[in-house]
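Novice: sharing a sequence plus its predicted fold:
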Amino acid sequence: MGADVAVRLDAVIIGAGPCGLAAAIAFKRAGMRAVVIDRSCIVSGVASYPTYITFFSTPDRLSIGDVPFIVATEKPTRRDALAYYRAVTTLFDLDVRQYENVERVRRCDDAFLVASRTRHGALRETRARAVVVATGYFGHPNRLHVPGEDLPHVTHQFTEGHWAFRQDVVVVGGGNSAVEAALDLYRSGARVTVVHFGPQLDPNIKPWVLPDIVNRIKDGSIGARFGARVEAITPEHVELLTPNGIDRVRADHVYLMVGYQPNAEVLVQLDVPIDARTGIPAHDPATMETAVPGVFIAGVIASGNDANKTFIENGRFHGDLIARHLAATARRFA
């Protein structure tokens, strides 16, 4: 099918997460035209959180566009957040193309040409003087690189525990995601074992969750294997290397809750230097512009491999920095 070349824009924002939407709002307020393109729905990262999760942050720290995020409780839930970001997108009438995958971005004279494809297979080309990469946290799951990791009962994502009712389950990981998955699975009637390579759970477990998981492990309601590493996954077991040798834990479901890395493919295409050790793209924190002029980053991708450094509550301001810089340099780009 032929390409549809859009009217030239000030920016194409790749990623419709909270930080991408916040950037779009900043552009709109600055009188600049921007479009947001996402391979999934808006805030798909939030949508992929466990169904009944409660955020660590308070609502004011998750708000964007100076629109109050009001909930009846101290901490917002996943459902609260989804409703809020839908409302903000509607309020600002943001131009968001959902379910459209960006395939390639290339320099074209003094602008960029973004080639994307809709889920119906139509190719679109959008020209803009700047590109903002806001691809979020859930780019690529951290893999264990062990035999059996791709078996059908193994997943890197958890939604809710109902699917594992009366099933043997292994949850790999020691952070908030692993702990909350283990607790939800336990309450849904699953027989749960947590496996973590460290000697204990991570120290940043949500304070209202920590006593719950500690007590469940202490009373034996949830099994735990600390100091253990997954060696292989079979259709019926997870094989562990422990300080006492090899251990085999029965598993009908395996949840690998060991984190994700941001999707930096567009930055690689554009030859943006990325630190091999930290995974952080070379950029100016004052403007969020990368070493390639006209290419910006927003949100968690600015933290590279350490996704915990950037979250919605600080990444939501990146768009303001970008819009301010582009507005100040408009003549140079004209």
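Specialist: The structure has been received and is ready for your questions.
Novice: buried stuff in the longest helix along the chain?
Specialist: Selection of the longest helix in the chain by residue count, based on DSSP state H, yields helix 78-91. Within helix 78-91, the residues scored as buried using 16 or more other C-beta atoms under 10 Å are Arg78, Asp80, Ala81, Leu82, Tyr84, Tyr85, Val88, Thr89. (Glycine included, C-beta is placed from N, CA and C.)
Novice: where do the helices of the stretch 151-300 of the chain begin and end?
Specialist: With DSSP state H, counting those that start in this stretch, the ranges of helices along the stretch 151-300 of the chain come out as 176-187, 210-218, 265-269.
Novice: off-centre distance for the second one?
Specialist: The chain centre lies 27 Å from the centre of helix 210-218; the measure is C-alpha atoms, centre = their mean, to the nearest Å.
Novice: any weak-confidence spans in the stretch 51-200 of the chain?
Specialist: Within the stretch 51-200 of the chain, the stretches falling below the threshold (pLDDT under 70) are 139.
Novice: swap in 80 and give it another go.
Specialist: Along the stretch 51-200 of the chain, the parts satisfying pLDDT under 80 run over 136-139.
Novice: quick one: the strands in it?
Specialist: For the stretch 51-200 of the chain, the strands defined by DSSP state E, counting those that start in this stretch occupy 96-97, 100-108, 111-118, 123-128, 131-133, 140-141, 154-155, 168-172, 191-196.
Novice: of all the ones you listed, which lies closest to His325?
Specialist: Shortest separation from His325 across the strands of the stretch 51-200 of the chain is recorded for strand 131-133, at 11.1 Å, computed as C-beta to C-beta.
Novice: what's in contact with the closest one?
Specialist: Applying C-beta atoms under 8 Å, 6 or more residues apart in numbering, the contact partners of strand 131-133 are 11-15, 20, 23, 34, 105, 112, 114, 264, 266-267, 270, 288, 294-298, 301, 319, 322.
Novice: buried sites along it?
Specialist: Along strand 131-133, these residues count as buried under the neighbour rule (16+ other C-beta under 10 Å): Val131, Val132, Val133.
Novice: what of stretch 167-187?
Specialist: Here stretch 167-187 shows 167-186 as buried, counting by 16+ other C-beta under 10 Å.
Novice: surely Arg33 meets Leu9?
Specialist: Yes: Arg33 lies in contact with Leu9 (C-beta atoms under 8 Å); the separation is 4.7 Å.
Novice: compare the two (neighbour count), which wins?
Specialist: Applying other C-beta atoms under 10 Å to Arg33 and Leu9 shows that Leu9 carries more neighbours, namely 21 against 13.
Novice: got a list of what the more buried one touches?
Specialist: Arg33, Ala34, Val35, Thr126, Arg127, Ala128, Arg129.
Novice: separation between the nearest residue to it once chain neighbours are set aside and Tyr186?
Specialist: Counting by C-beta to C-beta, 6 or more residues apart in numbering, Ala128 is the residue found nearest to Leu9 once chain neighbours are left out, at 4.2 Å. Applying C-beta to C-beta, to the nearest Å, the value for Ala128 to Tyr186 is 49 Å.
Novice: do Gln167 as well
Specialist: Distance check for Gln167 against Tyr186: by C-beta to C-beta, it reads 12 Å.
Novice: what do you get for Asn101?
Specialist: For Asn101, the distance to Tyr186 - C-beta to C-beta - is 37 Å.
Novice: so Asp284 versus Val292, what's the distance?
Specialist: Distance from Asp284 to Val292, counting by C-beta to C-beta: 12 Å.
Novice: over to Glu125?
Specialist: Glu125 sits 20 Å away from Val292, taking C-beta to C-beta as the criterion.
Novice: more neighbours: which of those two?
Specialist: A count of neighbours by other C-beta under 10 Å puts Val292 above the other of Glu125 and Val292, at 18 against 15.
Novice: contact partners for the more buried one?
Specialist: Leu270, Asp271, Val272.
Novice: quick one: which of those residues is nearest Ile53?
Specialist: Here the nearest of the contacts of Val292 to Ile53, counting by C-beta to C-beta, is Val272; it sits at 32.6 Å.
Novice: quick check: chain neighbours aside, which residue is closest to the closest one?
Specialist: Thr290 (4.6 Å).
Novice: okay, domains of the protein per the record?
Specialist: Described in terms of automatic domain parsing, the domain architecture of the chain consists of the residue ranges 4-140+260-333, 143-256.
Novice: thanks a lot, see you next time.
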